[in-house]
Structure formats: C-alpha cells, structure tokens
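Asks: Fold the stuff below for me.
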Amino acid sequence: MIGGLIVLLSLGFLFDVVFIIGKLALVLFAVVCLVDCILLAQNQNLILSSRKTPKLFSLGDENSVKIHLMNRFSIKLFITIYDELPVQFQQRDFQMKLSLNIGEKRTLKYSLLPLVRGEYEFGKINLIISSKIGLILRRVRKSEEQMIPVYPSIMQMKKYELMAFASISNFQGIKKVRRLGHSYEFEQIKTYVQGDDIRSINWKATSRKNQLMVNQYEDERSQQVYSIIDKSRSMRMPFNGLSLLDYAINTSLVISNIALKKHDKTGLISFSDKMGSTVRADKGKVQLKKILQALYNEKEARLEANYELLFHAIRNIIKSRSLIFLYLNFESAYALERALPVLRRINAHHLLVVMIFENTELESFSSKKAEYIRDIYTQTIAQKMVLEKKHLAIKLRKQGIQTILTKPENLSMNTVNKYLELKAKGLI
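Replies: Sure, this is the predicted structure:
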C-alpha cells in the first residue's frame, strides 16, 4: 500500500491529476492508520494470557507447555505469540500465530525436549497484536517469568511402571518370564482354578473344604536392589542429545521405582575417581524422593573411574547380599582388564549385573556403503571396535557376571526385563 502511494506521488510530478489523487490517497491512508491505532489503543489488560507448565520437566522427554489466551478487546485480534524460552533450548525465533474473536478463549500447546538437567528459566510472553486492517502492530508483554527444574525422566518411570505391573505380556519389549520353583513367600490359600500349578495343592485344606485348594505364593520382599553409576569421563559420550550418564540416571530412577513397587529396598551409589552420591537401600515413598534428588544433582566427572574405591565403598555400605545394577562404559579390552578383578570380587558377594552400552553411531557408520578407499579403512576400524565391545560382554559372562550389552535408548527396557527375570527365577 505504501509503495502504491509513493508511485502515485512520484507520477504526480508529471501529471497534476495524479498528484491530487495521490494526496487524497495519502490522507485516506493516514485516516485508516489513525482508526487502526484507536482500535488497538485499548487497555492491554483486556487481552489475557498465561503459561501453564508441569511443576518439573522430564529429561529426554517431550514436555507439554500450554498458553491460555482470552480476547476482551472490542475487536477481533490477529496475534503472533513470541514465548521467551529458556536459554538451554537456544530458540530465538519461536512463534505461534492465531486469531481471536471478541470474547474468545483459546489454548495453544507446544512441547519442549530438555537434554540437560538443571533449572530452566522462562521469560515473558510477547504478543504482537493487530486488527483486521493490519496496518498497525502493537506489542503487549505479559510477565510470566518462571523457573522449571528438569529432573530425571518421571515420564519414563511411570511408563515402565505401567508396563511392568499392568499386563506384562501385552507390552512390546517387556518379557513375561515363567516362574521356576517355589522360592517365594507364602501369601494365601485359594480355590483351585484351571491353570494353577497342581504341585501347589494343599491337601489338608482340600479335605476340609471338600474342593481343591492351592497355596498361593508371592515374590520374596525386602530384598536390596542397588543402582551403581559410573560417572567418569567414559560416560560423557553423547547419543541422541543425551549423555550415557543421563541414560543411566533415567534408568536408575525407573528400576528404583519398580523395585519399591515390588516391596524391595532400593539404593543408589555413584562414583568416578572419588565417591559421589550414596543413598542406602530402604523402602517407602521418601526413599524414591531421596534417589530422585540425588540423581538430579549428579554431574559428569573428567577423570577415570576408581574401581578399587568402589569395591571398598560397597563393602562398607552394602552389608547383605544384594542385586547390583552397575552402569558403565568400557571402550577397550584394557579398560575391562583393569576393572575385571574388582568386578569378580563384587560378584562373589552380590548378584552383579553389568550394563554396557553399544556404540550405535559406530554400528550405523560401519554398515554404510563405502564410496572411497579411505572409507573402507575407517569402516574396518569401526567394525573392529564394534566387535571388540561384543567380546567384552562375552568375557564378562565367562567370568560368571551377568552382563547386558544394550543400545542407550533400550537401557531402561533391558534393565527392567533383567530385574523381572531374576525376580521370577528367585535368584535374589
């Protein structure tokens, strides 16, 4: 429109009639702008906005954020929303557009994927509003500053709790393990139904009731389950935006919650070149909060892990035989040889399950088609490293140590499966 006015006024130097038309158009344009200003000059509090977020965000998950809007202006508004996101997301052009009729309420949703634990500061909500005329824009800033902490994934914790307790065999990835033997605590005597183990028939109760009665057992309770996390330099390696330490932290929260739901005691130990967080095994809701807070405060270390220090800490902290999930990342045979004597000693006193991470990026790179001779050499080295990692897992198993070689994204699933398997077999 302004370009058209400029053209008319420019042509007016050649034609008097055009110059008159240009001046009239300019006056009309000024009047329309004035009307537009008057329409938007209403009290900015007539447009209501608020941001609704969870009390905390889950690390590595899509977290929903809602923005509520209400138009109390006397005109229809066209709005562009610029929400000031926390600096960790590095998004400076985040915007959403919508229109609001008079008195209309709307809720907009978007999601954020935090990849680092800590405090996330939201800023103001900036609204750029215009009328149907659209010549004038007005900025309205709403004070919605708030701090949201990013904790280990609560969403994953609830997800795997549902999968483990609702209907295990119906969820992809969660295994249903057949129980072997009767190394369980007696729960009750119930009426026999088809499918019950006939070896559990209680003949005395059957004679009294004049119908088949069977003993029902439950898993042994109050067993100790520890998550031990290596937070040394080798666990800083990133995959899909999260470090291996963060994957281990999320999984530790998942398995701690499931163990508590199974009435076991659960604890946490972290270490690197020195000892980190220590939460002694216990039961109850308070215990899960202690573990959650300890995991939230964990930070990666820059030095190598001290396994001798870990062994002495375990001897002092864990007095009775326990199930230990040890999350670490061996990248070479030398690293394993250095830690193997300590792992054997730990396994002699406890049921040790070592969780080793696959290097998924190396695997995908080694499977690509080579285009140049240089690619053949680099892919050969990558394949050798992938094979070496598998050999490390095999070597640990030969030493009688339960070992799981897993992709980072499958760590929680495989850990839950292993816990349910050991629980069902009565090995803990």
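
Asks: How about the contacts made by residue 48?
Replies: Taking CB atoms under 8 Å, 6 or more residues apart in numbering, we find residue 48 in contact with 68-70, 72. All C-beta spots, glycine's among them, are computed from the backbone N, C-alpha and C.

Asks: Can you select the buried ones from those in ChimeraX?
Replies: Restricted to buried positions by 16 or more other CB atoms under 10 Å, the ChimeraX selection for the contacts of residue 48 reads:
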select :69
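
Asks: Identify, from the contacts of residue 48, the entry nearest to residue 269.
Replies: Residue 269 lies nearest to residue 68 out of the contacts of residue 48, by CB to CB, at 44.0 Å.

Asks: Relative to residue 260, how far out is that closest one?
Replies: The gap separating residue 68 from residue 260 is 36 Å, by CB to CB, to the nearest Å.

Asks: residues contacting residue 242?
Replies: 59-60, 115, 408.

Asks: possible to save the residues you listed as a markdown table with distance to residue 303, pLDDT and neighbour count?
Replies: Output for the contacts of residue 242, formatted as a markdown table (distance: CB to CB, whole Å; pLDDT from 0 to 100; neighbours: other CB atoms under 10 Å):
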| residue | distance to residue 303 | pLDDT | neighbour count |
| --- | --- | --- | --- |
| 59 | 24 | 95 | 27 |
| 60 | 25 | 92 | 24 |
| 115 | 24 | 93 | 15 |
| 408 | 22 | 93 | 23 |
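
Asks: now, which of those sits nearest residue 163?
Replies: residue 60 (17.3 Å).

Asks: Show the subsequent helix or strand relative to the helix or strand hosting residue 215.
Replies: Take DSSP states H and E as the rule and residue 215 turns out to sit in strand 213-218. Using DSSP H and E, the next helix or strand after strand 213-218 towards the C-terminus is strand 224-230.

Asks: For that next one, name the packing helices and strands.
Replies: helix 244-261, strand 265-271, strand 275-282, strand 323-328 (3 or more CB pairs under 8 Å, 6 or more residues apart in numbering; DSSP states H and E).

Asks: what inclination does the third one have with respect to helix 244-261?
Replies: Here strand 275-282 runs at an angle of 10 degrees relative to helix 244-261 (axes from the mean of the first three to the mean of the last three CA atoms, to 10 degrees).

Asks: Tell me the spacing between the residue nearest the centre of the chain and residue 115.
Replies: Nearest to the mean C-alpha position of the chain, counting by CA atoms, centre = their mean, stands residue 60 at 3.2 Å. Going from residue 60 to residue 115 by CB to CB gives 7 Å.

Asks: which residues are in contact with both of those two?
Replies: Common neighbours of residue 60 and residue 115 (CB under 8 Å, 6+ apart) are 241-242, 246.

Asks: Below-threshold pLDDT in the stretch 51-200 of the chain: ranges please.
Replies: 166-187, 195 (pLDDT under 70).

Asks: Where do the helices of it begin and end?
Replies: Counting by DSSP state H, counting those that start in this stretch, the stretch 51-200 of the chain has helices at residues 154-165.

Asks: residue ranges for the strands of it, please.
Replies: With DSSP state E, counting those that start in this stretch as the criterion, the stretch 51-200 of the chain has strands at 57-58, 63-71, 77-83, 96-100, 105-112, 118-122, 125-130, 138-142, 146-151, 185-191.

Asks: Is it possible to get those out as TSV so that each row also shows distance to residue 235?
Replies: Below are these laid out as TSV (distance: least, CB to CB, whole Å):
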stretch	distance to residue 235
strand 57-58	20
strand 63-71	24
strand 77-83	34
strand 96-100	38
strand 105-112	25
strand 118-122	18
strand 125-130	38
strand 138-142	41
strand 146-151	19
strand 185-191	37
